[in-house]
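**Q** got a predicted model here, sequence first, then my questions.
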Amino acid sequence: MSDAYLGFANSPIGSRIAAALGLPQPQPLERFAPGQPVIRGTVLLGGTATSELLTALAGIFHSIGAQTLAHRGLPQWTATANAAGLMTGRWGVEDQPGEKLKALVFDASGLDDSSQSDALYQFFHDTARSVLSCGRVVVLGRPPEACANPRKATAQRALEGLTRALAKELKRAIAVQLVYVAEGAEGHLESTLRFLLSPRSAYVSGQVVRVGGASQPAAALDWNQPLAGKKILVTGASRGIGTAIAEVMARDGAQVICLDVPQAQDALLEVATRLGGKALALDIGAAEAPQALVDAALADGGWDVVVHNAGITRDKTIANMKPHLWQAVVNVNLSTQERINEALVASGALKPGARIVCVSSISGIAGNMGQTNYALSKAGVIGMVQSTAPHLAARGITINAVAPGFIETQMTAAVPFAIREAGRRMNSMGQGGQPVDVAETIAWFASPASGGLNGNVVRVCGQSLLGA
Amino acid sequence: MTTIRRVAILGGNRIPFARSNTVYSQASNQEMLTATLQGLVDRFNLHGLRMGDVVAGAVMKHSRDFNLVRESVLSTTLAPETPAFDIQQACGTGLEAAMLVANKIALGHIECGIAGGVDTTSDAPIAVNEQMRKILLDASRAKTTGQRLAALARFRPGMLFSPALPRNGEPRTGLSMGEHAELMAQEWHISREAQDALALQSHEHLARAYADGFFTDLMTPFKGATQDNNLRTGLTLEKLAALKPVFDKKVAPGKGTLTAGNSTPLTDGASAVLLASEEWAAARNLPVLAYLSFSEVAAVDFFDKKEGLLMAPAYAVPRMLARANLTLQDFDFYEIHEAFAAQVLCTLDAWKNPTFCKERLGLDKPLGEIDRTKLNVNGSSLAAGHPFAATGGRIVATLAKLLAQKGSGRGLISICAAGGQGVVAILER
């Protein structure tokens, strides 16, 4: 589960050897620790004369307590920030670069035409060398599908190519994301910006997030305990990513209901006890599981969040695969989730404003040799999230998915060395992710402040080359 | 002939002040002033505008910076057609610059202008050794190779290692500013305790102002600094009392009262203030913070008549009050620049001293006491630091915002300067 090469390449001798031999030199990722500020370092704002999100951004940065500066292309930032009670200034004197930056945020919402993209060039040309390692870059735009005319939609869609290429270019564990903010959804941007600017999103890069209008306005929140008082079901919680999810949820204030198969009861009890939560030993693949969960939730006064993490693999090429291997994977990974969601929603066992978070996989996006069953089930999860999101929105419930890439777990430790090394290195971070990286992403979707996120699929893969 | 107009103060900007040789050790006056002006331009959306004038200055200046302010203006997004000039009146530079711009606006010569100042003692000009300078000048004047070689033959390697360094001292007395202030403290019997108490109050006031977000729209971050780094939040009277006197050896051996805690440190920084006619402000929809209504300058004879070097504001204020038909008590805020705690305390004592007011100021009765709770309410130079020419802009912007927050009222500014000079002004709203 440990990446020995990462340690070697960052040791005093190892870094010299790696440099001399032209070997990859992955940067150790900064990760979140409780009590830490959202971002340690200066945030540089960029944009155009027609940027539409500046007032919202100033409010968010004031709330975060972040130190901001403005690129010369966004001279109006000073007045906007001052009005929000934020001290700020311009980065650099004349065209000389200023101090090193921890994050870049470019408001491209005002981009109406592809011919205006020069502003993006100028901003990133000036700043690319000034971003600190493990830095954060966020470009904000408007959802192309909702743009008033094709020119604007085209310009906004074009941003995806820029952010994905930047994510590959900036290196040193700098993550780059694109966030499409729907008109009127500005009030729901804060949880997303906090996540993407903080080390919580350590292994998330090259992603596109859509923030839409929510049925309820974003409520005031204790950002140190965003899940305080929430009851959260985590399936597959006895080990690996599931345990990490339960830990992060408990850290953020939630009461976790840890579920796993009866065979894993001992490990499950240990996790639940340690986190002050409940243990629920249940085979979710069984036909009676949905009703059992409805009963448990109702007895518990309703649940706020359900995390569908449980999943299995039964790898074989399809020609060699026995039918029960196919059926087991599709049932546990996909069909069961559909049945559980339907039962929980129909019975009212999910509280108003509930969140459903599913775990997909890059295998479902890129496909994988020997994983036809698994890839089908994980692509199906994406389909389920995207197709049910509009229906759930009417009930104030959101559904989103994470799609992990190469995560350092017992499962990936069992992968043969050569394939494992390829999986680890073939991404923009040059290393595998940790279970906590998946868990933090799920906690972001689960937050009461994330009502604007619905139907999103975010990969936690360090911008893996697979399926990109 | 035009009528005299009211001069509006619309806002200010400064970079955080930094103790010498700390965060701005690599920054030049040019860079600091440009960043400060640009911050003001950004805040008030002055891009592409031709200002009537930009007046600023620096006390410590490289010879290459002869056109410091104009060069800075050209590096900002102001219209390149904006004229600018440099002035220098020691620590009074910033306030004097504001007065110059204000007078032009009052007379209708210009509609808007920026006044400011900048100083660095980190990036100080170091001149070559005086003998070496003469040799080099002789060599450049030489008409033949022989003459040139003869001049250069006078060069000695030792000259390279004894450059001419800038000094923070009075050329006429050979005493440093601190030694003069110590002399004043001795003459007026200002206790060490009183000086330390004033210093502590300055730090406490400035820390509270930062906590309240008072400086949010008066400052722009620079080189990663967002707050004056001389500010000590955990300061106590005990810590101040533990410091040794630093200016007593020559002037008051064994009796010194001035320490590093109750004197301002050498500081780097810059400030600027936006001034305009009411019409110009209204046309651009910019609210007026306060009006600069009166100003006065004075100087004392500190050499023959032995007046305290930094006592000139004590003379300037009563002259200005007489013109304004006001008493010393008619103010809501007093901004008395804390070059040294002793300077502030000497000035306040002098104003309530019948003998001084009668014999030196020629007044019938003393000016009296001020309400000390109105003094430097958001801190002053002891806490913020004192980049000589930048202090005036800091004070004008701070006081203007204080008056704007209060809604109405009057504030007095008093700044002492090297050479026995004092620059004072009244802001009203």
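**A** Sure thing, it's come through.

**Q** thought B:Leu403 was touching B:Ile413?
**A** No: using CB atoms under 8 Å, B:Leu403 is not in contact with B:Ile413; the gap is 11.5 Å. Heads up, the C-betas are built off the backbone N, CA and C, glycines and all.

**Q** against B:Asn353, how distant is B:Gly57?
**A** 34 Å (CB to CB, to the nearest Å).

**Q** higher neighbour count, those two?
**A** Ranked by neighbour count (other CB atoms under 10 Å in any protein chain shown), B:Gly57 and B:Asn353 place B:Gly57 first, with 29 against 18.

**Q** just say helix, strand or coil for A:Thr313.
**A** coil (DSSP: H, G, I helix; E, B strand; the rest coil).

**Q** check contacts around it.
**A** A:329, A:371, A:374, A:411 (CB atoms under 8 Å, 6 or more residues apart in numbering or on different chains).

**Q** part of a strand, is B:Glu335?
**A** Yes: with the criterion set as three-state DSSP, the secondary structure at B:Glu335 is a strand.

**Q** quick one: it and chain A, what's the gap?
**A** With distances taken as CB to the nearest CB, to the nearest Å, B:Glu335 is found 21 Å from chain A.

**Q** closest residue of chain A to chain B?
**A** Of all residues in chain A, A:Gly89 sits closest to chain B, at 2.8 Å by CB to the nearest CB.

**Q** what helix or strand does the residue lying farthest from the centre of chain B sit in?
**A** Going by CA atoms, centre = their mean, the residue of chain B most distant from its centre is B:Gly146, 49.7 Å out. Assigned by DSSP states H and E, B:Gly146 falls within helix B:145-153.

**Q** for the helix or strand that that helix is followed by, packing partners?
**A** Using DSSP H and E, the helix or strand that follows helix B:145-153 towards the C-terminus is helix B:177-187. If contacts are counted by 3 or more CB pairs under 8 Å, 6 or more residues apart in numbering or on different chains; DSSP states H and E, helix B:177-187 sits against helix B:248-251, helix B:341-352.

**Q** how does the chain divide into domains?
**A** Using chain A. Following the TED database, one finds the domains of chain A at A:1-30, A:32-211, A:231-460.

**Q** ah, I was thinking of chain B
**A** B:130-160, B:177-213+B:294-428.

**Q** near chain B, which residues of chain A show up?
**A** Contact residues (CB under 8 Å from any CB of the partner chain) of chain A with chain B: A:42, A:67, A:69-70, A:72, A:75-79, A:82, A:85-90, A:93-94, A:99.

**Q** filter those to the buried ones?
**A** A:42, A:67, A:69-70, A:72, A:75-79, A:82, A:86-90, A:93, A:99 (16 or more other CB atoms under 10 Å in any protein chain shown).

**Q** can you pull the contacts of B:Val23?
**A** By CB under 8 Å, 6+ apart, the neighbours of B:Val23 are B:223-225, B:229.

**Q** again, 10 Å this time
**A** B:15-16, B:122, B:222-225, B:229, B:268 (CB atoms under 10 Å, 6 or more residues apart in numbering or on different chains).

**Q** who wins for most neighbours among the residues you listed?
**A** Neighbour max across those (other CB under 10 Å) = B:Asp268, 33 neighbours.

**Q** backbone dihedrals for that residue, please?
**A** Here is the backbone geometry of B:Asp268 (degrees, to the nearest 10): phi -110, psi 140.

**Q** show me what it is bridged to.
**A** B:Ala18 (DSSP bridges).

**Q** and the gap between it and B:Ala56?
**A** 15 Å.

**Q** mind checking how far the residue farthest from the centre of chain B is from B:Ala153?
**A** Note on B:Gly146: its distance to B:Ala153, by CB to CB, is 10 Å.
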